[in-house]
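>>> Task: produce atomic coordinates for the following.
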Amino acid sequence: MAAPKKLYIRTYGCQMNVYDSERMAEAMGGAGYVETDRPEDADMILLNTCHIREKAAEKVYSELGRFRALKADRPDLKIGVAGCVAQAEGEEIMRRQPLVDLVVGPQSYHRLPQMEARLREGGKALDTDFPPDDKFDTLRQRPRTRRGPTAFLTVQEGCDKFCAFCVVPYTRGAEMSRPPARVLEEARDLVARGVREITLLGQNVNAYHGAGEGGDWGLARLIRALARIDGLARIRFTTSHPNDMSDDLIAAHGDCEKLMPYLHLPVQSGSDRILKRMNRKHTAEGYLRLIERIRAARPDILISGDFIVGFPEETEADFEATLDLIEAVGYGQAFSFKYSPRPGTPAAERPQVPEEVKSDRLQRLQALLTRQQRAAQDAMVGQTVGVLFEKPGRLPGQMVGKSDHLHAVHVTGAGLAVGDLATVEIVESGPNSLGGRIRGA
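Okay, here's the model as predicted:
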């Protein structure tokens with residue numbers, strides 16, 4: 001019996017790429033591949049790329065250059081580029097880096113086994129179509145291997161919002177929601193394999209509208225159906241758009257016990273002028289009122305956000321408006337970035353803010369967000385929270401997990417195991433994590 005071929009996947013970017021990489025590995029498993037964590041041992045290398053960050057394509061070309069020696073030593077080694085950079089660059093990747101054998105977009109990775117078969121015949125393979133066949137349906141038969149206690153589950157892809165700075169509508173396509181029956185089937189399978197917490201994923205996940213029994217289901221109905229799965233203890237979702245936070249989804253935060261008190265709700269700017277230029281279709285005041293309604297439904301919810309500083313034509317007054325909004329909300333977590341142009345997006349053609357101004361504003365914004373994040377974490381001391389333990393810690397007998405609010409929590413000497421969900425009293429707040437003890441211990 002021939003030894004299995006080895007597959008090395010390097011994943012960049014968002015949680016959805018993590019999910020996609022798992023599905024790619026499963027698809028290639030059917031073609032006789034097993035995963036390895038060493039590119040030197042691989043028969044095929046796949047880079048699953050992200051196009052969101054600055055100079056994403058150039059970083060991919062740089063990474064590919066590092067595999068040139070491997071390819072020279074082993075001409076049979078197959079190298080592929082997948083994901084959003086693959087979708088955006090297409091055949092140009094093979095032209096610039098002839099060592100690349102395969103380019104596949106995020107909507108076509110279920111075709112990887114057929115593409116790999118073409119490579120074995122001596123050719124190259126390119127697929128950046130938006131095919132009519134459902135990749136999720138193609139890939140839903142999985143090996144029933146054990147899993148860790150947490151998992152991502154993609155329920156929605158693509159975006160119809162066309163924010164002026166974003167390439168997602170061009171690389172992931174229009175909004176598409178999976179049927180709820182298939183989502184529930186996959187969730188039950190994950191739970192049967194040991195998963196206790198599922199994070200629902202989508203570029204715009206709260207726009208979910210899957211066709212199911214009785215018509216289209218919104219995200220709130222899907223969450224309530226998932227909550228009825230025995231053995232599933234926790235549900236989260238990301239990433240959301242303010243314009244799709246429906247009344248029933250807000251209500252679910254208050255009445256669905258398994259939906260965790262954590263919400264990532266990006267606003268990007270606190271300036272109405274900049275929000276309009278971004279094509280966000282909401283105002284700062286509307287966002288603040290939305291946060292009030294969410295907190296009325298779930299008072300202990302931790303709010304996370306995204307911010308872009310130095311968007312084209314942003315003035316100091318615009319930036320100060322963003323700081324004012326941050327002060328008003330009080331974020332427990334946040335992600336912030338300097339604006340960087342994406343070719344083909346409307347904002348890329350507008351007057352740009354000087355780099356030194358962007359850097360200064362980012363530093364000031366992050367200082368404020370860091371203070372808020374630390375305050376939120378410190379406020380947990382003395383509180384009792386649920387913690388799902390995911391891995392051993394650095395110290396003997398220590399276990400590390402995530403709280404209901406997604407804080408990292410470590411507990412020592414309690415006889416815990418991976419997958420345990422315990423009630424923990426928080427006793428200390430460190431730079432990046434909380435320390436706790438099992439309640440009653």
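
>>> Please count neighbours and contacts with C-alpha atoms only from this point.
Fine.

>>> Over to residue 398: give its phi and psi.
Dihedral pair for residue 398: phi -90, psi 140, per degrees, to the nearest 10.

>>> So the closest residue to residue 174 other than its chain neighbours versus residue 31, what's the distance?
In space, and not counting its chain neighbours, residue 174 is closest to residue 158: 4.8 Å by Cα to Cα, 6 or more residues apart in numbering. Noted for residue 158: a distance of 28 Å to residue 31, by Cα to Cα, to the nearest Å.

>>> And these two? Which one has more around it.
residue 158 (20 against 16; other Cα atoms under 10 Å).

>>> What's the separation between that one and residue 177?
Distance from residue 158 to residue 177, counting by Cα to Cα: 9 Å.

>>> From residue 387, how far off is residue 399?
Per Cα to Cα, residue 399 is found 10 Å from residue 387.

>>> So which of the two has more stuff around it?
Each of residue 399 and residue 387 has its neighbours counted (other Cα under 10 Å); residue 387 has more, 27 against 24.

>>> Can you pull out the residues in contact with the one helix or strand the more buried one maps to?
According to DSSP states H and E, residue 387 maps onto strand 384-392. Here strand 384-392 makes contact (Cα atoms under 8 Å, 6 or more residues apart in numbering) with 148-150, 398-404, 409, 416-426, 439.

>>> Specify the next element, helix or strand, located C-terminal of the helix or strand of the chain with the lowest mean pLDDT.
For the chain, using mean pLDDT, DSSP states H and E, the weakest element among its helices and strands is helix 135-139, scoring a mean of 60. Toward the C-terminus, helix 135-139 is succeeded by strand 150-154 as the next helix or strand (DSSP H and E).

>>> That next one pairs with which strands, parallel or anti?
strand 197-201 (parallel) (DSSP bridges).

>>> Can you get me the centre-to-centre distance for the next helix or strand after the partner strand and its chain?
With elements assigned by DSSP H and E, the helix or strand that comes after strand 197-201 is strand 210-212. Here the centre of strand 210-212 is set off from its chain's centre by 23 Å, with Cα atoms, centre = their mean, to the nearest Å.

>>> Stretch 11-24 now?
With Cα atoms, centre = their mean as the basis, stretch 11-24 stands 8 Å off its chain's centre.

>>> what's the answer for stretch 329-337, then?
The answer for stretch 329-337 is 16 Å, by Cα atoms, centre = their mean.

>>> Which positions in the longest helix seen in the chain come out as buried?
Longest helix of the chain, by residue count under DSSP state H: helix 355-378. For helix 355-378, the neighbour count (16 or more other Cα atoms under 10 Å) marks 358, 361-362, 365-366, 368-369, 372-374, 376-378 as buried.

>>> give me the low-pLDDT residue ranges for the stretch 101-250 of the chain?
Residues of the stretch 101-250 of the chain meeting the criterion pLDDT under 70: 130-144.

>>> where exactly do the helices run in it?
Along the stretch 101-250 of the chain, the segments classed as helices by DSSP state H, counting those that start in this stretch run 112-120, 135-139, 168-171, 180-192, 219-227, 247-255.

>>> Of these, which is nearest residue 310?
helix 168-171 (20.1 Å; Cα to Cα).

>>> Alpha carbons only: can I get that closest one in PDB?
Backbone C-alpha positions of helix 168-171 (Å, rounded to 0.1, in the frame of the first residue of the first chain) are rendered in PDB as follows:
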ATOM      1  CA  VAL A 168     -14.900  41.300  -0.100                       C
ATOM      2  CA  PRO A 169     -17.700  41.800  -2.700                       C
ATOM      3  CA  TYR A 170     -15.200  41.200  -5.400                       C
ATOM      4  CA  THR A 171     -13.300  38.300  -3.900                       C
END
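
>>> Can you name the residues that contact the spatially most central residue of the chain?
Among the residues of the chain, the one closest to the centroid is residue 15, at 2.6 Å (Cα atoms, centre = their mean). Counting by Cα under 8 Å, 6+ apart, residue 15 touches 152, 201.

>>> how much space between it and residue 238?
9 Å.

>>> what do these two both touch?
residue 201.

>>> List the buried residues of the helix or strand hosting residue 303.
Using DSSP H and E, residue 303 maps to strand 302-309. With burial defined by 16+ other Cα under 10 Å, the residues of strand 302-309 counted as buried are 302-305, 307-309.

>>> do the same with stretch 158-174
158-159, 161-174.

>>> Start and end of it, how far apart?
5 Å.

>>> And stretch 306-320, by the same measure?
End-to-end distance of stretch 306-320: 16 Å, with Cα to Cα as the criterion.

>>> quick one: buried residues of that stretch?
So for stretch 306-320, counting by 16+ other Cα under 10 Å, buried means 307-314, 318-320.

>>> can you pull the contacts of residue 304?
Residue 304 is in contact with 262-266, 331-335, counting by Cα under 8 Å, 6+ apart.

>>> who's in contact with residue 419?
148-149, 194-196, 388-390.

>>> List buried residues within the residues you listed.
Buried among these (16+ other Cα under 10 Å): 149, 194-196, 388-390.

>>> Need those residues in JSON lines (columns: distance to residue 270).
Listed next are the buried ones among the contacts of residue 419 as JSON lines, based on distance: Cα to Cα, whole Å:
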{"residue": "149", "distance to residue 270": "37"}
{"residue": "194", "distance to residue 270": "42"}
{"residue": "195", "distance to residue 270": "38"}
{"residue": "196", "distance to residue 270": "37"}
{"residue": "388", "distance to residue 270": "35"}
{"residue": "389", "distance to residue 270": "37"}
{"residue": "390", "distance to residue 270": "36"}
